[in-house]
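Enquirer: Fold the following and give me the result.
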Amino acid sequence: MATWQSMNYDRPTPDVSKDFTITCPKGTDIYDKPPNTHRFDAPVIYTTTTASKFKSASVTIQADWTCKYDQGGLCLVMNLKDGTRKWVKTGVEFLDGIPLISVVTKDRWADWSLRPLLNPKSKSARVRIENTGDGNLWAYVVGEDGKKHPVREVTWWGELEADTEILIGPAAAKPSTEGGNLEVSFSDFELNLV
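Expert: Residues are numbered from 1 along each chain as shown. The predicted structure is shown next:
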């Protein structure tokens, strides 16, 4: 049974086996950009495992997205033995007045991809991160019928040593300093380890 902790979160760690909410303060983010932006101050609820044991994680997220870059979803952090950190986050992110599916991966620096929600009239989506067992990690958006729609392939996953420490779980961020806290609702969280 997984033990759950939180980082950058000043409230009790929620019970992820039930529907829960992350209250995210403004001015928080998970992002790295040259020449010297290194941000990792957004709330993450996580459990610890290893690269070889991680199979997949899925969650449904919803919020009243209002400010540019409001976001919520899953965060997978890889703590490397040399003291560096790589990560992948996927979920819903608000840009140009609409919520979109977002995947940001950080190897040396972060890069970002976006696609429309499967239902453009919705404010929610189900996302999944999956170790496909062939050296790749995939990020998907999942339809109401359970079909996985690929959003991003992360090929550098295959370089990780089997015993690399992995932190995985739900996260939220609100880079904007406008307005109040961002309340992100999470439901049907699933974590599969081998």
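Enquirer: And the pLDDT for P116?
Expert: The model reports P116 with a pLDDT of 96.
Enquirer: what's the answer for the one 3 residues further on, then?
Expert: Here the pLDDT value assigned to N119 is 94.
Enquirer: Could you do M1 as well?
Expert: Predicted confidence (pLDDT) for M1: 65.
Enquirer: for this structure, which spans come out with low pLDDT?
Expert: 1 (pLDDT under 70).
Enquirer: for it, which residue is closest to the average position?
Expert: By C-alpha atoms, centre = their mean, the chain has its centre lying nearest to L74, at 2.4 Å.
Enquirer: Wait, a helix at it?
Expert: No. Counting by DSSP: H, G, I helix; E, B strand; the rest coil, L74 is located in no helix; its state is strand.
Enquirer: hmm, who's touching stretch 109-119?
Expert: 31-34, 92-93, 95, 98-105, 125, 141, 143-144, 149, 151-152 (C-beta atoms under 8 Å, 6 or more residues apart in numbering). Heads up, the C-betas are built off the backbone N, CA and C, glycines and all.
Enquirer: now stretch 5-23
Expert: With C-beta under 8 Å, 6+ apart, stretch 5-23 has contacts from 4, 28, 40-48, 72, 169-172, 181-189.
Enquirer: before we move on, the earlier item: where's the residue nearest to the centre of the chain relative to F186, distance?
Expert: 9 Å (C-beta to C-beta, to the nearest Å).
Enquirer: repeat for V44
Expert: Taking C-beta to C-beta, one finds V44 at 12 Å from F186.
Enquirer: do K53 as well
Expert: Taking C-beta to C-beta, one finds K53 at 22 Å from F186.
Enquirer: These two: which has the busier surroundings?
Expert: F186 (26 against 13; other C-beta atoms under 10 Å).
Enquirer: Figure out how far the helix or strand encompassing that one is from the centre of its chain.
Expert: For F186, the element it lies in under DSSP states H and E is strand 182-193. Relative to its chain's centre, strand 182-193 lies at 10 Å (C-alpha atoms, centre = their mean, to the nearest Å).
Enquirer: please renumber so the chain begins at 195
Expert: OK, 195 is where the count begins now, so the last one is strand 376-387.
Enquirer: sorry, back to before: could you measure from the residue nearest to the centre of the chain over to R320?
Expert: 10 Å.
Enquirer: Which neighbours do the two have in common?
Expert: Common neighbours of L268 and R320 (criterion: C-beta under 8 Å, 6+ apart): S252, V253.
Enquirer: picking up where we left off before, show me the common contact partners of V238 and F380, please.
Expert: By C-beta under 8 Å, 6+ apart, the residues touching both V238 and F380 are P364.
Enquirer: Tell me the bridge partners for R322.
Expert: S252, Y334 (DSSP bridges).
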